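# Show me how the following folds:
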Amino acid sequence: MGDRSTPWKKKAITQHTDKKATRQKDEKNREAWSHEIQNKIHVVETSPNQFLRRFVPCELPVPKCPNPADGIFNLPSGVPEVRMYKPQCPNPADGIFNLPSGVPEVRMYKPQIDGLHKLVANFPDGKRPSFYNNSNTPIRFPFGKFDQEHHATKPDLIGGFKPQSLKQPRWRHLAIVLEAKPNAGEDPVGTPSEERTKTLIQLAKSARNLLVAHSRLFVFAVGLYGNIARIYRFDHAAAVVSQAFNYVENPEILHEFFWRFANPINPACGVVGDDPTISMPSHEDRALAKRLFEKHKGERFTGENNKVCRWITCKRPDGAIERYLTYRLVFMNPRLFSRATTVWEAFKEGDESGKTYVIKDAWRQGARRFEEEFYKDIREGVAEQHDLEELCDIAEEELELRGLAELEYAIDLGEEEMNAHTHEERNDPVSPAPSSFDSQPLSDDGFFGPPAYDTDQHGSVPSPPPPPYESDDEAPPPYESGHCTASAAILDRNMAKYNERSHTRLVMKTVGRPISEFESTREMVEALRDAIEGHGIAYKAGVLHKDVSEGNVLIAEDAPFKGFIGDFDYSFSWKRFLRERGWKDTVESWQHYTKNHEGIPDDENANAKVSKEQLKESELRNGLKERTGTFYFMAIEVLRGSAIHDARHDLESFYWLLVWLVLRHTDHDHVAGAMACSRLFDGENEWSCLGHKDIWLGDNQPVSVRGNAPLTHLLGKFNDCCYRSTPRKEVKQVPLTHELVLALFDEALAMDGWPEKDGARPFKMPNTPTTTVDVRPVSQVTGGRTTSKTTSTNNLSSVTGRPPRSRRGEYSFSTTGSGIQDGKPLSKRPVEKGGQRKPAGAASQSRNHSLSAIAQDSSAFPAQPMMANTNSRVSGPPSTWSSTSSNVHSPVSFRDLPTSGTKRTRATLDKENHSPSKRRKSANAKKYTVDDV
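Presented below is the predicted three-dimensional model:
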């Protein structure tokens, strides 16, 4: 059901924590891409010619020579010149592809390129592609802003329509790529092997880069394997592959492909797959963008700004057409089979005021609701919370939506295209082809999905089913443009309506910059604080976000708040969920459901229950939803996969986002330095990430920020609350609430000591250390002070660090030496010089207990044994972890390395100054205090 945490599926990594993970040969990188394309590439059953007619749409039939008596030049009217004819394919007997045999791959390139040029020699100017050997030239990721996250690639052969640009290529210059192998046996569509996997990954990365660079709807690639070839079509749902054909003996197939590719149906497109609503600007347009940008933004218009310039055409709900000129790329999800969210800032055509608009493009999975619906749910929910009499005098646009992105309008381009498509058999295009590799799984299920049919009990293969259509003319025609994907139906036609993706576009009112570009740490904390408030408003209105991450929280510009949360693609409407089942749609009813799996019955709405069939449909849709993203910001319970996703899990995600920003962009004191982010967040699977986070929360103060007592204070308090919010046998659970977390932020923001010029430090991914450091913590209790001995290949000495919370395993505390004394956790009291604890009263004299009404009484937190297993590669559920293992080998974990200088303790950072907060700008802003909780 939609309330559950959607099962996570490993995908290609979009954000890395160290350089090693960005390299092509890195095992984690290869494994992630293997999972990305798993079950996503299918060979279609039809012939290569039928494949072309179905997936490379073109309206240029081969004209027949007319009878002179009927008139030789019977030219159609209103047709561009290029559509008058289709040139004849050269005769294979004349020697098009004179390929040598038994030679290395590099010696195949020249005869292949010569043959390709012969194939297209008769194409008219502007429609004649050129080809170039690129095997020794790495091409970097299309956009510099994300360049360090992705390694450069070297496609073997490249094609484009500007020959000079291919000699020093960029992805924006390329129209298509071709990967070549010297032997037919190296065709990756065959018995799975490591080499074939690498070949498919290489094709997939090139397809991703073409999609990103050109903002295309789908792209093509060609594989040349000895004397056979295959044509690949990638969209954001999956990929389809043609049957293999001998391109040396039958060059007319490639000839027809390149002709079709260069002559799309829509004249607004340069090649098949282009988005007709996006076009490249002229030099004059770029000059306009530069003038407006430098005049109104006060910044220099860089080459990167120039690179992302493009015109985007949008249709308002009333039918009016508007164009926007983009000048900045705010966010991009570069994964291949995904939502592929891209966010631009843009100027509106004809508007010289310099007002900024935000354009968001994404590919919605059919199993999910359109994001626009969640914004409507939030507005309706907020309106319901106002008094009806008061609401009569309040316009909808005046509703208070602090900390939330606001929508101008939206359009589902894919749904619009489907509605305009009248053919009834749209979800039944072509069947997957039965092939030998279907029954030989690669990495569990294989890349190519389940067999198209079952073998009998003796293992023999029955005859393939008949083609779905008597002729290609009976097959449903392709969409004119491709705003709706067409590949998922090939994988499973029955599930196509859930797995195909629809191209959506939103125009947003609220403008912001990435939170990782904060000008001061205070600004970053203020932005997070207001985003949390916005999250709370949406939650009380009935919408749970479910995807708090770095890309979804932004620093607001020209708004009465400092930050906001957007991107509600993965959200869940708990009010709608409760109403469908005949339960009250109140927060109390929802909380009752999260605890008892049943809401509070609504007798007045008893007849509103949906049918069993509708509930089954809803559950099916949820089961087919793809959960993308990474482990980085997921709450511990969500990683376990057993929890009903609730607000407390999103609030914990805000904590991990805060830690992520601190470890990447501030002057923190973590002993692992630049590798700290990798140590914590870079888990191989959900269980190892869960283990890392659980150990992190078990530390009193895992990280501090130098010279920034308020932020360090917030980190410690937020860490405490997340630890207590996670269910534990030994600790009474105190779930995170919006009021509690906002009180933490307001308390920290009221403190003095915030630095003024500590803007975000650029994060430079560190190189993974070549020396592996194995740490085996063995705790000791000496006079009330906990120390950890570390044994490693680097002969590290004993470590005296902050005392970790006692947890399961070989760590243990006595109630006299550490743990609880006088009803208070000993770890809460500062350490005097020499390691002795101050009396309990000493700490209370210097601390201000502004959160005492919120914090659970310390007697509810008895000492617990420490988890021994600090292995960063934990696998399997916690029940399988060893609690007494003494042979744990892992990279350095969090606080197990020595560091210089005196360590702060929490109590020394708990002093507060209650000077009036200077941060609130809006008269309507609510400041949370203990009295509110």
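# Give me the below-cutoff pLDDT ranges for the stretch 51-200 of the chain.
Low-confidence segments of the stretch 51-200 of the chain, defined by pLDDT under 70: 61-95, 98-103, 148.
# so where do the helices sit in it?
Using DSSP state H, counting those that start in this stretch, the helices of the stretch 51-200 of the chain run over 109-119, 194-214.
# Just name whatever secondary elements the longest one is in contact with.
The contact analysis (3 or more Cβ pairs under 8 Å, 6 or more residues apart in numbering; DSSP states H and E) places helix 194-214 against helix 27-37, strand 176-181, strand 219-225, strand 228-234. C-beta here means a position set from N, CA and C on the backbone, and glycine is covered the same way.
# Report the angle between it and helix 27-37.
80 degrees (axes from the mean of the first three to the mean of the last three Cα atoms, to 10 degrees).
# So for helix 194-214, what gets flagged as buried?
196-214 (16 or more other Cβ atoms under 10 Å).
# so which of the helices and strands packed on helix 194-214 gets nearest residue 511?
Nearest to residue 511 among the helices and strands packed on helix 194-214 is strand 219-225 (30.8 Å), distances taken as Cβ to Cβ.
# Any regions of the protein where pLDDT drops low?
For the chain (pLDDT under 70), the answer is 1-26, 61-95, 98-103, 148, 386-400, 422-480, 605-630, 768-933.
# gap between the two ends of stretch 232-241?
Terminal residues of stretch 232-241 lie 5 Å apart, using Cα to Cα, to the nearest Å.
# Make a markdown table out of the helices and strands packed on helix 194-214 and add distance to residue 346.
Below are the helices and strands packed on helix 194-214 laid out as a markdown table (distance: least, Cβ to Cβ, whole Å):
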| stretch | distance to residue 346 |
| --- | --- |
| helix 27-37 | 30 |
| strand 176-181 | 28 |
| strand 219-225 | 24 |
| strand 228-234 | 27 |
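# between the ones you listed, which one is nearest to residue 46?
Closest approach to residue 46 among the helices and strands packed on helix 194-214 (Cβ to Cβ): strand 228-234, 12.2 Å.
# so what strands line up beside the following helix or strand past that closest one?
Per DSSP states H and E, the first helix or strand lying C-terminal to strand 228-234 is strand 239-241. Applying DSSP bridges, strand 239-241 is found paired with strand 41-43 (parallel), strand 228-234 (antiparallel).
# I'd like the ones you listed written out as a markdown table, with distance to residue 143 and mean neighbour count added.
Formatted as a markdown table, the strands paired with strand 239-241 follow (distance: least, Cβ to Cβ, whole Å; neighbours: other Cβ atoms under 10 Å):
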| stretch | distance to residue 143 | mean neighbour count |
| --- | --- | --- |
| strand 41-43 | 26 | 24 |
| strand 228-234 | 19 | 25 |
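# what would those strands look like in JSON lines with distance to residue 97?
Listed next are the strands paired with strand 239-241 as JSON lines, based on distance: least, Cβ to Cβ, whole Å:
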{"stretch": "strand 41-43", "distance to residue 97": "23"}
{"stretch": "strand 228-234", "distance to residue 97": "10"}
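# Relative to residue 261, which of these is closest?
Closest approach to residue 261 among those (Cβ to Cβ): strand 228-234, 9.4 Å.
# which strand of this structure spans the most residues?
Scanning the chain for the longest strand, with DSSP state E as the assignment, gives strand 321-332.
# what helices or strands is it leaning on?
Checked by 3+ Cβ pairs under 8 Å, 6+ apart, strand 321-332 has helix 283-296, helix 303-307, strand 311-315, strand 342-348, strand 356-365, strand 511-514 packed alongside it.
# on that earlier part again, and the helices of the stretch 51-200 of the chain as TSV, adding distance to residue 47?
Conversion of the helices of the stretch 51-200 of the chain to TSV gives the following (distance: least, Cβ to Cβ, whole Å):
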stretch	distance to residue 47
helix 109-119	19
helix 194-214	22
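# Looking at the strands paired with strand 239-241, spot the one closest to residue 243.
Of all those, strand 41-43 sits nearest to residue 243, with 6.6 Å by Cβ to Cβ.
# Next, residue 744: secondary structure please.
Following DSSP: H, G, I helix; E, B strand; the rest coil, the label given to residue 744 is helix.
# so residue 130 makes contact with residue 164?
No: counting by Cβ atoms under 8 Å, residue 130 stays clear of residue 164, with 9.1 Å between them.
# Pick out whichever of those two has more residues nearby.
Using other Cβ atoms under 10 Å as the criterion, residue 130 and residue 164 rank with residue 130 on top: 18 against 9.
# tell me the contacts of the more buried one?
If a contact means Cβ atoms under 8 Å, 6 or more residues apart in numbering, then residue 130 has 117, 159, 160, 161, 162, 163, 166 as its contacts.
# thought the last one was touching residue 158?
Yes: proximity of residue 166 to residue 158 meets the contact threshold set by Cβ under 8 Å, at 5.8 Å.
# any residues in contact with both of those two?
Common contact partners of residue 166 and residue 158 (Cβ under 8 Å, 6+ apart): 131, 132, 134, 174.
# buried stuff in stretch 755-762?
By neighbour count on 16+ other Cβ under 10 Å, the buried set for stretch 755-762 is 755, 758, 759, 760.
# Please apply the same query to stretch 594-603.
Buried, per 16+ other Cβ under 10 Å, within stretch 594-603: 594, 599, 600, 602.
# Ok, stretch 320-332 next?
Within stretch 320-332, the residues scored as buried using 16+ other Cβ under 10 Å are 322, 324, 325, 326, 327, 328, 329, 330, 331, 332.
# follow-up on the earlier one: mean neighbour count and distance to residue 693 added to the helices and strands packed on strand 321-332, as TSV?
Listed next are those as TSV, based on neighbours: other Cβ atoms under 10 Å; distance: least, Cβ to Cβ, whole Å:
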stretch	mean neighbour count	distance to residue 693
helix 283-296	15	41
helix 303-307	14	35
strand 311-315	18	39
strand 342-348	22	28
strand 356-365	22	28
strand 511-514	19	23
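# Out of the ones you listed, the one nearest residue 59 is which?
Among the helices and strands packed on strand 321-332, the nearest to residue 59 by Cβ to Cβ is strand 311-315 (22.2 Å).
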